[in-house]
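Visitor: Here's my sequence, what's the structure:
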Amino acid sequence: MAEMTPDSPETCALLERIRTGDRDALGRLLAHHRPGLRAFIELHLDPRIRARVDPSDVVQDTQLEATRRMDDFLGRRPMPFHLWLRKQAHERLLRLRRDHCERGRRSVQREVAWPDRSSLLVARSLLRGGSTPSRLVERRERAERVARAVAQLAEADREVLLMRHAEELPYDEIACLLDIEAAAARKRYGRALIRLQRALREEGLLE
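Guide: As a prediction, the model looks like this:
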């Protein structure tokens, strides 16, 4: 876990209190991490299911699952708590996506673009030179072209690019979230970056 960001002193103290039987500390721990968890879910929630899935419900479901599995986490400590909590959320989002696709309640088209903010964050590292995400949003036409380019990517490519570009996660943390080795995470990111560059060139956003 050399490249993983350690938990804060507050989180470590609350985990120790929970371990010694202070169940009130669990509520404080979850409340402390709720804003970050909500931001992660908002960023990774598939836009095709936003109409029927409230991010707040995903937050609640994730925290309920974390509560249920807390004793197991404390017994094993497989990773920092903040990462473990996001991993629970990521697995929940994957299940929601699979359920949506399997039930066929709505047409699932690759052409559905991600929200502007997510698309711009995915492409941010390639579209520098004075262009920030906020400025690109103001330039609606260019933002739409970025969204079209990102929409061409497979879900796995978008996920790893979001984790690397938007959240700036180290490869060890990305690997943990995706259940792969760190070396595989590096390779997946490299391949996704090449495909993103190709898509941006097709939209005339890169030379």
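Visitor: which of the residues in the helix or strand encompassing residue 75 are buried?
Guide: Using DSSP states H and E, the element containing residue 75 is helix 70-76. Neighbour-count burial for helix 70-76 flags 70, 73 (criterion: 16 or more other CB atoms under 10 Å). Every C-beta, even on glycine, is put in place using the N, C-alpha and C of the backbone.
Visitor: List the contacts of it.
Guide: 15, 18, 19, 26, 66, 81, 84 (CB atoms under 8 Å, 6 or more residues apart in numbering).
Visitor: shaky segments in this protein?
Guide: The chain contains residues with pLDDT under 70 at 1-2, 102-116, 128-139.
Visitor: and it, what are its domains?
Guide: Taking automatic domain parsing as the reference, the chain has its domains at 9-103, 116-202.
Visitor: And those: which comes nearest residue 3?
Guide: Closest to residue 3 of the domains of the chain is domain 116-202 (CB to CB; 3.9 Å).
Visitor: elements contacting the helix or strand encompassing residue 31?
Guide: Following DSSP H and E, one finds residue 31 within helix 24-44. Secondary-structure packing of helix 24-44 (3 or more CB pairs under 8 Å, 6 or more residues apart in numbering; DSSP states H and E): helix 9-19, helix 55-68, helix 81-103.
Visitor: ok, back up a step: out of the domains of the chain, which one sits most buried?
Guide: The highest mean neighbour count among the domains of the chain, using mean count of other CB atoms under 10 Å, belongs to domain 116-202: a mean of 17.
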